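Student: Mind looking at a prediction? Sequence and model below.
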Amino acid sequence: MFVVGLTGGIGSGKTAATDYLAQLGITIVDADLASRVVVEPGQPALQAIAERFGDHVIAKDGALDRRALREIVFADPDALKALEGITHPAIGQELRNQIAASKSPYTVLVSPLLFETSQKDLVQRTLVIDAPAELQVKRTMARDQVPEEQVAAIMKAQLERTQRLDQADDVVENHGSLQRLHDQLDVLHKLYLDLASHHS
Ligand code: ATP
């Protein structure tokens, strides 16, 4: 199985890129979605979280109370480590299952934390969607109706743009129209089909 890891900062255009690759028939495995699936009611990771942090992190309807959990881990690095020790292996297993079930010529794993986690070990090649910081801010503010400070704070917590670019096999510059994004992806799609066909 040939897997391309796709990443980028907030509002860089990861979803715009994966929407297009999905249109080309490529299976998209989404780490953000997987991180929600593994803490759904009935999942072992949710049980483990309740045991570690107490039943008050479970809402009345049985779902994870994200706000309560965030308050605990926000100010406590050890608690955050413990939480990640539960969630990261569960997310990794969910991603491996979804990748194994993919039937497209290659598979894209999209993750904002590709380089920051062992998710990078699941991929054969990496693609960074890159946009200038001003555009990341502008697009995210327009999409989420949030103030600039909130976007800036998230960007500050994310990997530096240069660090991300240093680790990329391929880079798409998303500073123009969607058509220009698609044109660059068309070229990479051909490359990935070729690489996948030679990959055992
Ligand atoms: P996040 O990390 O926050 O999930 P993302 O990397 O998935 O963000 P997108 O949601 O794809 O980013 O893009 C952010 C916003 O910018 C969206 O509203 C998207 O439609 C818009 N956008 C992305 N690329 C372009 C483009 N080339 N031209 C115009 N709008 C764009």
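Tutor: Okay, I see it.
Student: got a list of what the closest residue to Phe53 other than its chain neighbours touches?
Tutor: Counting by C-beta to C-beta, 6 or more residues apart in numbering, Phe53 lies nearest to Ile72, which is 5.8 Å off, once chain neighbours are set aside. Placement of C-beta: from N, CA and C, glycine included. Neighbouring residues of Ile72 by C-beta atoms under 8 Å, 6 or more residues apart in numbering: Phe53, Val57, Ala79.
Student: Buried among the residues you listed? Make that a PyMOL selection.
Tutor: Of the contacts of Ile72, the buried ones can be selected in PyMOL as follows, counting by 16 or more other C-beta atoms under 10 Å:
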select buried, resi 53+57
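Student: Inside helices: which ones of the contacts of Ile72?
Tutor: Phe53, Ala79 (DSSP state H).
Student: Could you report the separation of Val3 from Leu185?
Tutor: 16 Å (C-beta to C-beta, to the nearest Å).
Student: Compare these two (neighbour count), which wins?
Tutor: Taking other C-beta atoms under 10 Å, Val3 and Leu185 do not tie; Leu185 has more neighbours (25 against 22).
Student: The more buried one reaches Glu173, doesn't it?
Tutor: No - in this structure, Leu185 is not within contact of Glu173 by C-beta atoms under 8 Å, at 11.4 Å.
Student: rewinding a little: would you mind putting the contacts of Ile72 into JSON lines with distance to Pro41 and pLDDT alongside?
Tutor: As requested, those are arranged in JSON lines below (distance: C-beta to C-beta, whole Å; pLDDT from 0 to 100):
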{"residue": "Phe53", "distance to Pro41": "16", "pLDDT": "95"}
{"residue": "Val57", "distance to Pro41": "13", "pLDDT": "95"}
{"residue": "Ala79", "distance to Pro41": "22", "pLDDT": "96"}
